[in-house]
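[1] Predicted model and sequence follow; I will ask about them next.
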Amino acid sequence: MKLLNPLLMVTIAYHLAAATLSKTDSKKASSKSLETKTRLSDVPVQSRGLVTTDVKAKDIVLDHQSYCSKHVKERHVSGDVLGYVTPWNSHGYDVAKMFAPKFTLVSPVWLQIRRKGRQSYQVTGLHDIDQGWIKDIKKHSKSTQIVPRVLFDSWTYQDFESVFSSEDEIEDLSDALVQTARDEQLDGFVIEVWSQLGGQKRQELVHMLTHIGQALHQDKLQFILVIPPAVAPGTDQLGMFGKKEFDLLAPFVDSFSLMTYDYSNPHRPGPNSPISWVQACVQILDPESKWRKKILLGLHFYGMDYSALGASGEPILGSR
């Protein structure tokens, strides 16, 4: 298994704070330069001994907000790198701008698509789209593409059934996404829908997503699909997305955003992303490395702090 081959999906989640994502948040975050919030260094992390299998807690506390000012534009990954700007970290807007050359794809969590009725779809969250921020990203890196995440918001089981049973519904759904990308000058979308049906209707989901992929590609738009882990966390059981679905969708999907994190929970505390589990999730989907370059391997930039009673858990910040 060559773990260096998969592409990387890097989640921007340095500061996990309770915040809603809005244009106001992005402007507030942009009002202070990134340099004022971090400790600069002229020495890369490799030379400081921070890239190691023997990580020291004191080094994380000391260096979690530092970066090498001389290397902000360098990339050390040959494939795609996707960064999410998440609702709990509006500071991610600044991080994405400063390090834009390191990312080929940036996905702000902005949009939802809703089914309003028969063959009627509406993309919501458009008020959160910050065209000024997008222009800033493009100014820092012309090759970085903006691909907002889209949730299938407030969909009922019947909504899915109606779409699955009608080619016209699927076409209208796809058209709504394509038109939004045109209107807002977006480069494509990260689609998150697979887990909503809990592993049911896999064949129907593959059919719907294949059509969405074809429609997006016809307009030269990126299609990234979020997929759950191939091995259910804490078990030896296969997850709700497997090799069969992966093989069927791979020709129509540009990249798969593989959720290889949040392995543990308050009722089963433990590691966030054990390497053996991560390896298994990749190997099960693509044992022969046919489509390995399309797997964006999810990397978490946070840990979890669980209570002794197992009743709750919360992200642990770098400063701790």
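    Done, it's in. Just so we're clear, the structure is a prediction, and the values are computed from it rather than from any experiment. Numbers count the residues shown, from 1 in each chain.

[2] Let me know the average pLDDT across stretch 128-145.
    For stretch 128-145, the mean pLDDT works out to 94.

[3] Give me the distance between the two termini of it.
    The stretch stretch 128-145 measures 17 Å between its terminal residues, going by CA to CA, to the nearest Å.

[4] The spatially closest residue to residue 43 that is not a sequence neighbour pairs with what?
    Nearest residue to residue 43 in three dimensions, chain neighbours excluded: residue 68, at 6.3 Å (CB to CB, 6 or more residues apart in numbering). Just so you know, the C-beta spots here come from the backbone N, C-alpha and C atoms, and that holds for glycine as well. Residue 68 has these beta-bridge partners by DSSP bridges: residue 41.

[5] For the closest residue to residue 252 other than its chain neighbours, give me the pLDDT.
    In space, and not counting its chain neighbours, residue 252 is closest to residue 213: 3.4 Å by CB to CB, 6+ apart. At residue 213, the model reports a pLDDT of 98.

[6] ok so residue 213 is a strand residue?
    No. Counting by DSSP: H, G, I helix; E, B strand; the rest coil, residue 213 is located in no strand; its state is helix.

[7] Tell me how many other residues crowd the residue nearest to residue 43.
    16 (other CB atoms under 10 Å).

[8] what's near enough to touch the residue nearest to residue 252?
    Applying CB atoms under 8 Å, 6 or more residues apart in numbering, we find residue 213 in contact with 223, 249, 252, 253.

[9] mind listing the helices for the stretch 1-150 of the chain?
    23-31, 57-63, 92-98, 131-140 (DSSP state H, counting those that start in this stretch).

[10] Would you mark the buried spots in the second one?
    With burial defined by 16 or more other CB atoms under 10 Å, the residues of helix 57-63 counted as buried are residue 63.

[11] same thing with the last one?
    Counting neighbours by 16+ other CB under 10 Å, one finds that the buried residues in helix 131-140 are 133, 134, 136, 137, 138, 140.
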